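In: need a structure here:
(one chain, ligands or ions: 2)
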Amino acid sequence: MKYLIDTHTHTLACNHAFSTLEENVAAAASKGIEILCFTEHGPKMPYAPPDWFYAELHRIPQIINGVRVLTGLEANITDDCGSTDIDNMPKNAIKFVIASLHKHTYQPSKENNVTQALLNLLDNPFIDMLGHMDTPFFSINYEAVIKKAAQTNTLIEFNNGSLHGVRKGGEANMFQMAKYCKKYDCLAAFGSDAHFSMDVGEFSTVAGILNELNFPEELLINDKPDLFFDILKTNGKHI
Ligand SMILES: [Zn+2]
Ligand SMILES: [Zn+2]
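Out: Numbers count the residues shown, from 1 in each chain. Ligands and ions are numbered 1, 2, ... in the order given. Sure, this is the predicted structure:
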């Protein structure tokens, strides 16, 4: 597969990544990535950008050095109801939304509430992708969540960064995720979750795992820009 889309990248703006947007764009261009999702963390993440950052996303050019830049966000799921920290933000400049579970921003009141939080979240039509559900820090009923994601036009992310230390131990969870994406024909995406420009467009570890599982390429959107944009438009994005 020729990868044309990276769905998940960070910059210096979040205060725990190390490259600028222009450095990420240059890396994307050098790897043949045509669509770069710039998905900075939502405001509840420790050391997240100030409110002004989110209000100024519209200033970023849509195309930089030939690369289409989609100004998105990685929203934090914040409670058992499936609320996120971007629910009340102006939406015009937001072209892509990942919703992720982070232990810094959500502690379920009971373990099985995590699945209910995700099911509730999926009723929010503005969410485009569930981020790094392989996380070993939460207990998730993957079948229930992925079955509903397939019905709500929500991508399941296979996160390359997870396999490089930040969420060690989630590999078995990825097997489950792949199994249920296949069972329910749920579309999925690779995300690099790059926190340094050299990692932009880097999916080799996660692709290796999915290849071993014979994951069908038809379910992966990284080489399908038209399908990707159709999903985003259906979910209310002004692309
Ligand atoms: Zn994350
Ligand atoms: Zn991230």
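In: mind checking how far residue 77 is from ligand 2?
Out: Using CB to the ion, to the nearest Å, we find residue 77 at a distance of 13 Å from ligand 2. C-betas here are computed from N, CA, C, even on glycine.
In: report pLDDT for that residue.
Out: At residue 77 the predicted local confidence, pLDDT, stands at 98.
In: now the phi/psi pair for the closest residue to residue 216 other than its chain neighbours, please.
Out: Closest residue to residue 216 in three dimensions, ignoring its sequence neighbours and counting by CB to CB, 6 or more residues apart in numbering: residue 182, at 6.7 Å. Note on residue 182: its backbone torsions stand at phi -70, psi -50 [degrees, to the nearest 10].
In: thought residue 182 was touching residue 218?
Out: No. Using CB atoms under 8 Å, residue 182 and residue 218 do not qualify as a contacting pair, with a distance of 10.4 Å.
In: when those two are compared, which one has more neighbours?
Out: For the pair residue 182 and residue 218, the greater number of neighbours falls to residue 182 (16 against 10), based on other CB atoms under 10 Å.
In: ok, the more buried one - contacts?
Out: Neighbouring residues of residue 182 by CB atoms under 8 Å, 6 or more residues apart in numbering: 215, 216, 219.
In: get me the contact residues on the protein for ligand 2.
Out: Contact residues (CB under 5 Å from the ion) of the chain with ligand 2: 74, 193.
In: show me the strands in the chain, by range?
Out: Assigned by DSSP state E, the strands in the chain fall at 5-9, 35-41, 63-64, 67-76, 96-100, 129-131, 155-159, 188-191.
In: report the buried members of the contacts of residue 182.
Out: Buried members of those, scored by 16 or more other CB atoms under 10 Å, are 215, 219.
In: for the contacts of residue 182, give me TSV that also has distance to residue 178 and pLDDT.
Out: Converted to TSV, the contacts of residue 182 look like this (distance: CB to CB, whole Å; pLDDT from 0 to 100):
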residue	distance to residue 178	pLDDT
215	5	98
216	10	98
219	9	98
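In: the strands of the chain: which one's closest to residue 237?
Out: strand 96-100 (6.8 Å; CB to CB).
In: do you have the helices of this protein handy? List them.
Out: 21-30, 51-55, 113-121, 142-151, 171-184, 204-212, 225-234 (DSSP state H).
In: the fifth one: which residues count as buried?
Out: What it means is helix 171-184. Applying a neighbour-count criterion of 16+ other CB under 10 Å, one finds 173, 174, 176, 177, 178, 180, 181, 182, 184 buried in helix 171-184.
In: distance from the chain centre to that helix, please.
Out: Here the centre of mass of C-alpha atoms in helix 171-184, compared against the chain's by CA atoms, centre = their mean, to the nearest Å, lies 16 Å away.
In: what is the rounded mean pLDDT of that helix?
Out: Here the mean pLDDT over helix 171-184 is 97, rounded to a whole number.
In: my read: residue 9 touches residue 200, true?
Out: Yes. Taking contact to mean CB under 8 Å, the distance of 5.7 Å between residue 9 and residue 200 places them in contact.
In: who touches both of the two?
Out: Both residue 9 and residue 200 are in contact with 24, 36, 192, 194, where contact means CB under 8 Å, 6+ apart.
In: pull up the gap between the third one and residue 131, please.
Out: Residue 192 sits 12 Å away from residue 131 when distances are taken as CB to CB, to the nearest Å.
In: now do the first one
Out: Residue 24 sits 17 Å away from residue 131 when distances are taken as CB to CB.
In: overlap of the contact sets of residue 192 and residue 131?
Out: Among the neighbours of residue 192, those also in contact with residue 131 (CB under 8 Å, 6+ apart) are residue 8.
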